[in-house]
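> Kindly return the folded structure for what I paste below:
(one chain, ligands or ions: 1)
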Amino acid sequence: EALSVLEGQYVLHQTIGSGGFAKVKLGTHILTGERVAIKIMDKHQLGHDLPRAYLEVRALKVLCHQHICKLYQVIETTNKIILILEYCPGGELFDYIVSKDRLDEEEARFFFRQIVAAVAYIHSQGFAHRDLKPENMLLDEENRVKLIDFGLCAQPEGGMNCPLETCCGSPAYAAPELIRGSVYLGAEADVWSLGVLLYALLCGFLPFDDDHIPSLYQKIQIGMYEKPNWLSPGAVALIDSMLQTTPIRRITVRQLLHHPWLRTNPSGFLLGPIQYESNYQLIVLDEEVLEEMSLVLSMSPTAVKEEILHWKYDYVTALYFMLMHRKIHHRPLHLRPHS
Ligand SMILES: COc1cccc(Nc2ncc(-c3ccc(C(=O)NCC(=O)Nc4ccccc4)cc3)c(OCC3CCNCC3)n2)c1
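Numbers count the residues shown, from 1 in each chain. Coordinates of the predicted model:
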């Protein structure tokens, strides 16, 4: 019956991703015509990992940020958990880097500032990401970064002694302490992954790489990596401060917000520190969107406002966020059949 609820509100198109326990399909929201990503998880396949899926939904409801892929709606039935998520037409940052071989410092800084803002926000909400890599960074229609946590493998079922490559794709972004399986702080491990990511943006290849996993682990523990001559001294200093094998010597995300390399603009001026607060307004609702919704739902604006503020992540929440998304991207709101 999940699909029937789905079919009433969304049209399902091709699969755009599948990993572990989830399959992601491209979808269209019938009422607005907006594109969405529909993540379908099978409860039986999840098995004892089912609680992790509920944790992810709880996390996503809290994580409302301009650089995190937005959750619009949750549809749960006996066998399925279905997430209706923001669709990013630009695809993966990974493919963007590959298409350009490597990015110059200005473009790398443009993306990296957004990624640091998203990670600082996630940490400020009490979460750690644990799987930061370019495959989990998508681009919207204005080439802005949207962070996702696609793998559902933040805490693989076997704790950390499950070999990473079986559940987490490539461990190339994993911190030494995480690989060692010793107790680690998610925030510190995220900073290491950000260092690997910045290196990949600026170089087009990984700092630690080896087809033989144990050799890769060895290289990560040692923490030595090539510094190509095109890297500026500022970039090398920043990467060095993130790729410290001893977690306590590693730069923190809060220090990253003020780092000089991240605040330099092309003409050498100092940019402001990175703003990581969310732009989302969940208390004061957008009047224009409310107006549109009261017409479409044929409810009074007050009744619509009441309904929205319960944030039930049902079709009302979805409609509000999708009309907001339309407004942010300067597309007309009107849903009414052209009068
Ligand atoms: C145009 O060509 C293309 C080509 C490729 C993609 C697109 N677009 C496109 N838009 C949206 C998605 C998507 C969004 C969210 C989630 C998700 O799982 N959220 C949950 C989530 O983010 N939790 C969370 C976040 C932060 C902290 C804690 C928890 C899953 C998928 C997508 O997926 C496709 C996959 C394919 C494999 N690599 C990863 C993306 N693809 C477009």
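
> ranges for the strands of this protein?
Secondary structure of the chain, counting by DSSP state E: strands at 10-19, 22-29, 35-42, 71-76, 80-86, 91-92, 137-139, 145-147.

> who wins for proximity to residue 211 among these?
When the strands of the chain are compared by CB to CB, strand 10-19 sits nearest residue 211, at 21.0 Å. Backbone N, C-alpha and C define where each C-beta goes, glycine included.

> on contacts alone, who are the packing partners of the closest one?
Contact partners of strand 10-19 among helices and strands, from 3 or more CB pairs under 8 Å, 6 or more residues apart in numbering; DSSP states H and E: strand 22-29, strand 35-42.

> How many residues are close by residue 274?
When neighbours are defined as other CB atoms under 10 Å, residue 274 has 19 of them.

> which ones are touching it?
Counting by CB atoms under 8 Å, 6 or more residues apart in numbering, residue 274 makes contact with 113, 116, 117, 120, 256, 257, 258, 262.

> Looks like the fourth one contacts residue 253 (just checking).
Right, residue 120. Yes - using CB atoms under 8 Å, residue 120 is in contact with residue 253, at 4.9 Å.

> Is any residue of stretch 272-292 near the ligand?
No - Stretch 272-292 lies apart from the ligand when judged by CB under 6 Å from any ligand atom; the minimum separation is 12.9 Å.

> in that stretch, what's buried?
Residues 274, 276, 278, 285, 286, 289, 290, 292 are the ones in stretch 272-292 that count as buried (16 or more other CB atoms under 10 Å).

> what's the answer for stretch 302-312, then?
For stretch 302-312, burial by neighbour count (16+ other CB under 10 Å) applies to 304, 305, 307, 308.

> Looking at those, which is nearest the ligand?
Ranked by distance to the ligand (CB to the nearest ligand atom), these are led by residue 308 at 21.9 Å.

> and the stretch 101-250 of the chain, which residues reach the ligand?
Within the stretch 101-250 of the chain, the positions near the ligand by CB under 6 Å from any ligand atom are 122, 129, 135, 138, 147, 148, 149, 150.

> what residue is smack in the middle of the protein?
Note on the chain: the residue nearest the mean C-alpha position is residue 147, at 1.7 Å, using CA atoms, centre = their mean.

> Tell me where the stretch 151-300 of the chain has helices.
Here the stretch 151-300 of the chain has its helices, by DSSP state H, counting those that start in this stretch, at 164-167, 176-180, 186-203, 213-222, 233-242, 253-256, 287-296.

> other SSEs contacting the fourth one?
It stands for helix 213-222. Here helix 213-222 touches helix 176-180, going by 3+ CB pairs under 8 Å, 6+ apart.

> in this structure, which ranges drop under the pLDDT threshold?
For the chain, applying pLDDT under 70 flags the ranges 1-2, 150-170, 336-339.

> Check it for the residue nearest the ligand and tell me.
At 2.7 Å from the ligand, residue 17 is the closest residue in the chain, using CB to the nearest ligand atom.

> Please verify my assumption that that residue contacts residue 24.
Yes - counting by CB under 8 Å, residue 17 touches residue 24, with 4.1 Å between them.

> who has more neighbours, these two?
Between residue 17 and residue 24, counting by other CB under 10 Å, residue 24 is the more crowded of the two (19 against 15).

> residues touching that one, list them.
Residue 24 touches 15, 16, 17, 18, 37, 38, 39, 40, 150, counting by CB under 8 Å, 6+ apart.

> contacting residues around the fourth one?
Applying CB under 8 Å, 6+ apart, one finds that residue 18 lies in contact with residue 24.
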